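>>> have a look at this fold, sequence not included:
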């Protein structure tokens, strides 16, 4: 197995010599591995619609396995009363038994979540840590059928209870 340093050096040499570097490998049909396997039900392209405090919204998101199944990436685009919203979420195993997610959006928000798989119904719950001094967030995706998800985004003020901000349904394409 080549070291990271050797791989980086090979990539730099390829750029300097004009020899094309191998294309990054992202296989659309890649399966999730290890502790990400419980989130496999999310894989695919989803059409979503819903509403809540900001008003009605509709959009599309994808969940794809990447980095040979060691990462799960969600890309989302939706139309809201405020305009177009885009975000990216990357799930990864931070350490054995600990799944985390990093969220980035076109409004400049960056949110770090702890993630846990839910059993019945199958789901995924993303929750921010307590004690940050700011609001907390919880994003839940519950599988209601093979091709349908209930998606709920909740916000809690510091020291307060979660309240639904947005809720909707997503259907797999």
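Nice, thanks for sending it over. All figures in this text were calculated on a predicted structure; none of them were measured in a lab.

>>> wait, residue 139 touches residue 128, no?
No. Counting by CB atoms under 8 Å, residue 139 stays clear of residue 128, with 9.4 Å between them. No exception for glycine: its C-beta is placed from N, CA and C like everyone else's.

>>> for whichever helix or strand residue 169 is part of, list every residue counted as buried.
Using DSSP states H and E, residue 169 sits within strand 163-172. By 16 or more other CB atoms under 10 Å, the buried positions in strand 163-172 come out as 165-166, 168, 170, 172.

>>> dump the residue contacts of residue 120.
Counting by CB atoms under 8 Å, 6 or more residues apart in numbering, residue 120 makes contact with nothing.

>>> rerun that using 10 Å as the cut-off
Applying CB atoms under 10 Å, 6 or more residues apart in numbering to residue 120 gives the contacts residue 142.

>>> A helix includes it, no?
No. Assessed with DSSP: H, G, I helix; E, B strand; the rest coil, residue 120 is coil; it does not lie in a helix.

>>> where's the residue nearest the centre of the chain relative to residue 42, distance?
The centre of the chain sits closest to residue 89, judged by CA atoms, centre = their mean, with a distance of 3.2 Å. Per CB to CB, to the nearest Å, residue 89 is found 10 Å from residue 42.

>>> shared neighbours, these two?
Common neighbours of residue 89 and residue 42 (CB under 10 Å, 6+ apart) are 61, 63, 72, 74.
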